[in-house]
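**Student:** Whatever this is, show me its structure:
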Amino acid sequence: MALSQIDRNLLERCLNRKPRAWEDFVDRFMGLVVHVINHTARARSIRLSAADREDLCAEVFLAVLKDDFAVLRNFRGKSSLATYLTVVARRVVVRELLSRMSSARLGETAPHAGGEIPDPRPAAEQRLEDREEVERLLRGLQGTEAEVVRMYHLEGKSYRQIGEEVGMPENSIGPILSRARDRMRRSGIDAAAD
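**Tutor:** Prediction:
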């Protein structure tokens, strides 16, 4: 199936960073990404929690955003955009599931019955223990990104609560957190090198 005119226009709007293009893209393909996540987990007999699904969705959309939409720029239009994104999403989800399962096997997190993926988010106690570290690293962030990290890591709010408070779609919170974590990790490495 060839690239539809609707998807061609959406793709062009995203690559040109037109207003609301990213939100329209996420709205159009969120169901597809969730379907790929569910199908991929089911095929591997892995039970996912709602938080796992949110995190995996965030990882997929973060992969699309990475390097100024490199994934979308590499799309050649020889298939439908949905088919292309299905392959991209499946690769991201498989990589993430394997990574999480390897971490569980290596003792980084306790294995869960039934093959359930452990929640990578810190428990309330862990969030409190890391408070000083998060506050130190927050100094390197600004604006909405800092606010989202603060609400999630220090106040323990859900993606939905954060989205409502900052006026963003809930599915935008995961990618913001992922980018902020990467930036915080880099600044932590830079600080450790000093």
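
**Student:** Can you give me the distance of residue 96 to residue 24?
**Tutor:** 25 Å (C-beta to C-beta, to the nearest Å). For the C-beta atoms, the positions are set from N, CA and C on the backbone; glycine is no exception.

**Student:** okay, these two: which has more neighbours?
**Tutor:** residue 96 (20 against 15; other C-beta atoms under 10 Å).

**Student:** Would you mind confirming that that one is in contact with residue 59?
**Tutor:** Yes. Judged on C-beta atoms under 8 Å, residue 96 makes contact with residue 59 at a distance of 5.4 Å.

**Student:** how many neighbours does residue 177 have?
**Tutor:** Using other C-beta under 10 Å, the number of residues around residue 177 comes to 21.

**Student:** before we move on, what about residue 180?
**Tutor:** 22.

**Student:** and it, which of the three is it?
**Tutor:** helix (DSSP: H, G, I helix; E, B strand; the rest coil).

**Student:** Which segments of this protein make up each domain?
**Tutor:** 5-115, 124-193 (automatic domain parsing).

**Student:** Confidence-wise, which helix or strand of this structure is lowest on average?
**Tutor:** One helix or strand of the chain scores below all others by mean pLDDT, DSSP states H and E: helix 124-129, with a mean of 44.

**Student:** In space, not sequence, find me the middle residue of this protein.
**Tutor:** residue 58 (2.0 Å; C-alpha atoms, centre = their mean).

**Student:** one step back: which stretch in the domains of the chain has the least confidence?
**Tutor:** Of all the domains of the chain, the minimum mean pLDDT falls on domain 124-193 (a mean of 72).
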